[in-house]
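*Asks:* need coordinates for the following:
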Amino acid sequence: MVKSQDFSEVTAVVVSADMIAYGGLIASRTNDTPYDLAQRRIRALEDIRKAVPKVKFYVFSSITRLYPPRPRKQRRGESI
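*Replies:* Here you go, the predicted structure:
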């Protein structure tokens, strides 16, 4: 578990929010993970941050498309 890691020689941590909260990018796009569980997982990062305040944390997430993809016949390079 991340909480038991030795951060004494670490200068920075890069974290995928999708991975921590939901178990991965694909899993973050489904409704399989309850909100409370995802929030508890993110809170674990907060605990680590408090324990090692000098270590820089960089957290990133992917943004889901807000529009549907174009129909197959309209995609560039393909004939109708």
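
*Asks:* pull out the buried residues from stretch 28-42.
*Replies:* For stretch 28-42, a neighbour-count test (16 or more other Cβ atoms under 10 Å) marks 28, 38, 41 as buried. For the C-beta atoms, the positions are set from N, CA and C on the backbone; glycine is no exception.

*Asks:* can you pull out the helices in the protein?
*Replies:* 17-22, 25-28, 35-51 (DSSP state H).

*Asks:* which residues are contacting the last one?
*Replies:* With Cβ atoms under 8 Å, 6 or more residues apart in numbering as the contact definition, helix 35-51 has outside contacts at 2-3, 7, 13, 15, 17, 20-22, 55, 57, 59.

*Asks:* among these, who's most crowded?
*Replies:* A21 (21 neighbours; other Cβ atoms under 10 Å).

*Asks:* I figured that residue hits S28, correct?
*Replies:* Yes - counting by Cβ atoms under 8 Å, A21 does reach S28; the two are 6.8 Å apart.

*Asks:* which neighbours do these two have in common?
*Replies:* Joint contacts of A21 and S28 (Cβ under 8 Å, 6+ apart) do not exist.

*Asks:* just to revisit the earlier point, dump the contacts of helix 35-51 to CSV, plus distance to D32 and pLDDT.
*Replies:* What follows is the contacts of helix 35-51, written out as CSV (distance: Cβ to Cβ, whole Å; pLDDT from 0 to 100):
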residue, distance to D32, pLDDT
V2, 22, 60
K3, 24, 63
F7, 31, 82
V13, 26, 87
V15, 21, 88
A17, 17, 87
I20, 15, 83
A21, 12, 84
Y22, 8, 80
V55, 31, 89
F57, 26, 89
V59, 22, 90
